[in-house]
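Engineer: I'll drop the sequence and a predicted model, then ask my questions.
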Amino acid sequence: MAPTACFNCKEARAVIIRPKNRHKLCRACFIKIFETEVHETIIGTNLFFPGERVAIGASGGKDSTVLAAVLKTLNERYDYGLDLCLLSIDEGIRGYRDDSLETVKRNAVQYDMPLDILGYSELYGWTMDQVVEQVGKKGNCTYCGVFRRQALDRGAARLGIRHVVTGHNADDVAETVMMNLLRGDLPRLSRGTSIVTGSDASDIKRSKPLKYAYEKEIVLYAHHRQLDYFTTECIYSPEAFRGSARTLIKDLEKIRPSSILDIVKSGEDMAALVPVEAQTIKHCERCNYISSQRICKACTLLDGLNRNRPKTAIEVGVGMEDEESSSTLMRQMERAQLSAT
Ligand SMILES: Nc1ncnc2c1ncn2[C@@H]1O[C@H](COP(=O)(O)OP(=O)(O)OP(=O)(O)O)[C@@H](O)[C@H]1O
């Protein structure tokens, strides 16, 4: 059978069927189209300004590695004038994060970007290995997610950088939309859907330039550009609810490839219906980090850990009465504040 010509250039041999729309493309056209779509997202949302310093949340995985590679390419091609660096959080997971950080260190050399690494143990006095030892594998993702979010902000602040980009892709956003829809949590759905998060209350902006990129296309891009990335899954169990949402979306994608972007679009439309008051953000009374509650989730979780009481109900914002753990936590958060300034 004669080789199929590329749908785009009509000349080279097609080697890829694009998951997004089933177009048959050659390698060069796929790479160019993928990059152009990310560029259009960046331009269409005014994501950056010339001269901006931007930290790329780098885990060594496919998404953040592709993000770093694409941003470097686009920054040079379109002259964005960005000052890019890599920022990695070491959660303290032996046999997983220590290995993936080796990949990030190589990426720093490959992309000629400075790399800064900040650890949970330094910030919170706990590694994830220690957290799991105390709370068990079930539910540990909650701790890790809450701590990482704050750690990225604090890492950026330490570098004097006010914009952190992450490798969250369209599949991740679609999962978040589904999960929050099923929870009936529209304010959270709204925050998770937005390309930029952060608010006037926080001076660190966070964004997801790969928000409209399919996970499968990210893998294809990494493969065809022969990027150096880490493929091992976290050794601790993934969040069960997100896993179910993921399976549901993957099943929908098989029947209807546009499902992922359709869910993202529906999420954006629903987010527009959320009243502004519901998104009001305050500061944690203890560590000053942005929080919708009096005490932020990280402080609440740390309080529970420090009191050897792992099953903390973070959703209801448990207060902290214990004097001793309060002062331990204060010391930890003060240390974090100091290193963040
Ligand atoms: N340890 C970390 N240090 C810095 N950034 C991180 C870290 N872990 C996650 N991130 C950021 O958050 C994004 C989403 O991470 P998550 O673990 O949910 O997804 P992922 O699909 O595994 O991402 P990746 O393929 O980049 O590892 C990553 O793309 C990255 O930008």
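Structural biologist: Noted; the coordinates are in hand. Note that the structure is a prediction, hence the values are computed from the model and not measured.
Engineer: Contacts only, for the residue of the chain found nearest the ligand.
Structural biologist: The minimum distance from the chain to the ligand, using CB to the nearest ligand atom, falls at residue 61 (2.1 Å). All C-beta atoms are positioned from the backbone trio N, CA, C, and that covers glycine. Listed by CB atoms under 8 Å, 6 or more residues apart in numbering, the contact partners of residue 61 are 100, 167, 229, 230, 231.
Engineer: Let's see that with 6 Å instead.
Structural biologist: Counting by CB atoms under 6 Å, 6 or more residues apart in numbering, residue 61 touches residue 230.
Engineer: near the ligand, which residues of the stretch 1-150 of the chain?
Structural biologist: With CB under 6 Å from any ligand atom as the criterion, the stretch 1-150 of the chain comes near the ligand at residues 57, 58, 59, 61, 62, 63, 64, 88, 89, 91, 148.
Engineer: which of those has the most neighbours?
Structural biologist: Most neighbours among those, by other CB atoms under 10 Å: residue 58, with 31 neighbours.
Engineer: Which helix or which strand is home to residue 11?
Structural biologist: Using DSSP states H and E, residue 11 maps to neither a helix nor a strand.
Engineer: So for it, what's the nearest residue that isn't a sequence neighbour?
Structural biologist: residue 5 (6.5 Å; CB to CB, 6 or more residues apart in numbering).
Engineer: do the same with residue 180
Structural biologist: Nearest one to residue 180, counting by CB to CB, 6+ apart, is residue 189 at 3.6 Å.
Engineer: Kindly indicate whether the one you found is helix, strand or coil.
Structural biologist: Secondary structure state of residue 189, per DSSP: H, G, I helix; E, B strand; the rest coil, is helix.
Engineer: And for it, the neighbour number?
Structural biologist: 25.
Engineer: ok so, going back, what about the residue nearest to residue 11, how many neighbours?
Structural biologist: Count around residue 5 with other CB under 10 Å applied: 14.
Engineer: confidence score at the residue nearest to residue 180?
Structural biologist: In this model, residue 189 is scored at 92, pLDDT.
Engineer: tell me the contacts of residue 155?
Structural biologist: Counting by CB under 6 Å, 6+ apart, residue 155 has contacts 87, 118.
Engineer: Run the chain-centre distance for the host helix or strand of it.
Structural biologist: Residue 155 is located in helix 140-159, with elements delineated by DSSP H and E. Offset of helix 140-159 from its chain centre (CA atoms, centre = their mean, to the nearest Å): 10 Å.
Engineer: That helix: what's the following helix or strand?
Structural biologist: Note on helix 140-159: by DSSP H and E, the next helix or strand toward the C-terminus is strand 163-165.
Engineer: Name every strand pairing with that following strand and say which way it goes.
Structural biologist: Next to strand 163-165 in the sheet, as set by DSSP bridges, lie strand 53-57 (parallel), strand 205-207 (parallel).
Engineer: Can you give the contact residues for that strand?
Structural biologist: By CB under 6 Å, 6+ apart, strand 163-165 touches 54, 55, 56, 57, 152, 156, 205, 206, 207, 209.
Engineer: Which SSE is immediately downstream of that strand?
Structural biologist: Sequence-wise, the next helix or strand downstream of strand 163-165 (DSSP H and E) is helix 170-183.
Engineer: list the buried ones in that following helix?
Structural biologist: 170, 171, 172, 173, 174, 175, 176, 177, 178, 179, 180, 181 (16 or more other CB atoms under 10 Å).
Engineer: How about stretch 183-191?
Structural biologist: In stretch 183-191, counting by 16+ other CB under 10 Å, buried: 186, 187, 188, 189, 190, 191.
Engineer: could these go into TSV alongside distance to the ligand?
Structural biologist: As requested, the buried residues of stretch 183-191 are arranged in TSV below (distance: CB to the nearest ligand atom, whole Å):
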residue	distance to the ligand
186	22
187	21
188	16
189	17
190	19
191	15
